[in-house]
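Chemist: Let's see this in three dimensions:
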Amino acid sequence: MRLSNYFLCALICILCNTTLLADTAVNPTTLSTFENDFSEMCKYQHFSGAVLIAVEDKIIFKKACGFANRNFKVNNTLETKFNLGSVGKIFTSVAIAQLVEQHKITLETPASEILKTWLPSKPTKQITLEQLLIHTSGLKNFMDNKRWRNGADDGQFNETKDYKSLLLEDPLLFQPGKSQYYSNNGYILLGAAIEALSKTSYIKYIKSEILKPADMLNTDISRLDEATPNRADGYYYFCNKGTCIWKNNNFSAPFSGTSAGGIYSTVDDLYKFSQALHQHKLLNPAYTNELLSSNIVRPSNDISVDIAIKPYKVNNIEIPENFSPYGFAGAWNKYGFAVWEQPSLVGHTGGTAGVSAFFATSPDGRYTIIILSNVSGSGPILLYKKIRLLLGFTPEIVNY
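Modeler: The predicted model follows:
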């Protein structure tokens, strides 16, 4: 999701933990400048969360700051579990790739072949798994549904099957494959497909086939009403008539993580995930290369445009920006990983009230950048621009 402009506030956050240095090609002076910038952003609350940067399999920076709980002044640490928002979609993408590798499906498989009762209308039966992954299915976003918003925080929508009625009641926005719209509904449908094919729940599948082989012991898909050690609360800054206060996101956050996002994790666990991918612990080399490919799946030439935004290019491919209000629609590889260039990176972002997250890794494994925050705002993107300078690139983000 696109990250909105953030705020200035005079309170001081407490820096926790220290930088883990390694011998790399990164200029020590530039690294020192980045450390100072990070400290300043934390001091003035432009950022609250944790950051990990790795170059050539060596962690060059790892720090946390801010409060995991503002009521009791509990500090964020490197062990703090942050809501990943839509960054959690990367686990769904890996699960689909695993099932393709096992020859249970292909990306061209119609979702209706797997889920006969989820897509009853004729147009929806044309939707393929790839269209779900790259947001060209025409399905809507459940977070825009009033019924979901009214029941998001009280357990009405806890398991994948609980979302079925929302998908059935919403008509398609467009004919599958003819446009592009960021769709959480599409990723819920992917989760339902994973459950049908694996004959287990999405959560159990992710734990056994991704988290366990990657040794991700601190990644959590528990419900909000469960007592979970080291889990950060989410916050957003609310202003009304000149008065601004911090508000907790308990009444807007999903009750439980799903195949569309909302899983909690740490920077170290996400780094383990990156390493597990590059070391082929989750997929064989061929499918790993496909999952981490920087090749863009270009939307249809007759893609509809509701808002006139200048097209941009990714890896010399022109991408027409569409009407999706969320980030990166249009710049996806075929497994739904967002693609950046200069440097070449693939990954995902996440953002909603009290959540801002960024995960990116190079196809060749050279860079891994993880930014997790428990406040809304542009902090992660500002940090990413500074990280680009640290790595020797311009601060401009070409395709964002």
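
Chemist: how near is the closest residue to Ile134 other than its chain neighbours to Leu391?
Modeler: Nearest non-adjacent residue to Ile134, counting by CB to CB, 6 or more residues apart in numbering: Trp332, 4.4 Å away. The way it works is simple: take the backbone N, C-alpha and C, and place the C-beta from them, glycine included. Applying CB to CB, to the nearest Å, the value for Trp332 to Leu391 is 23 Å.

Chemist: what do you get for Met143?
Modeler: 33 Å.

Chemist: more crowded one of those two?
Modeler: Leu391 (20 against 17; other CB atoms under 10 Å).

Chemist: Could you pull up the residues touching the more buried one?
Modeler: Val26, Val55, Pro343, Tyr367 (CB atoms under 8 Å, 6 or more residues apart in numbering).

Chemist: The third one: neighbour count?
Modeler: Here the count is done by other CB under 10 Å, and Pro343 has 15 residues near it.

Chemist: That one against Arg366, yeah?
Modeler: Yes. Using CB atoms under 8 Å, Pro343 is in contact with Arg366, at 7.4 Å.

Chemist: now the strands for the stretch 301-400 of the chain?
Modeler: 312-314, 317-319, 338-340, 345-352, 355-361, 367-373 (DSSP state E, counting those that start in this stretch).

Chemist: Put together a markdown table for those, with mean neighbour count, distance to Leu291 and mean pLDDT on each row.
Modeler: Rendered in a markdown table, the data for the strands of the stretch 301-400 of the chain read as follows (neighbours: other CB atoms under 10 Å; distance: least, CB to CB, whole Å; pLDDT from 0 to 100):
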| stretch | mean neighbour count | distance to Leu291 | mean pLDDT |
| --- | --- | --- | --- |
| strand 312-314 | 16 | 17 | 51 |
| strand 317-319 | 16 | 19 | 51 |
| strand 338-340 | 25 | 12 | 89 |
| strand 345-352 | 24 | 8 | 92 |
| strand 355-361 | 28 | 11 | 95 |
| strand 367-373 | 27 | 15 | 98 |
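
Chemist: among the ones you listed, which is nearest Ile59?
Modeler: Closest approach to Ile59 among the strands of the stretch 301-400 of the chain (CB to CB): strand 367-373, 8.7 Å.

Chemist: Work out the sheet partners of that closest one and label each with its direction, please.
Modeler: If you go by DSSP bridges, strand 367-373 pairs up with strand 49-55 (antiparallel), strand 355-361 (antiparallel).
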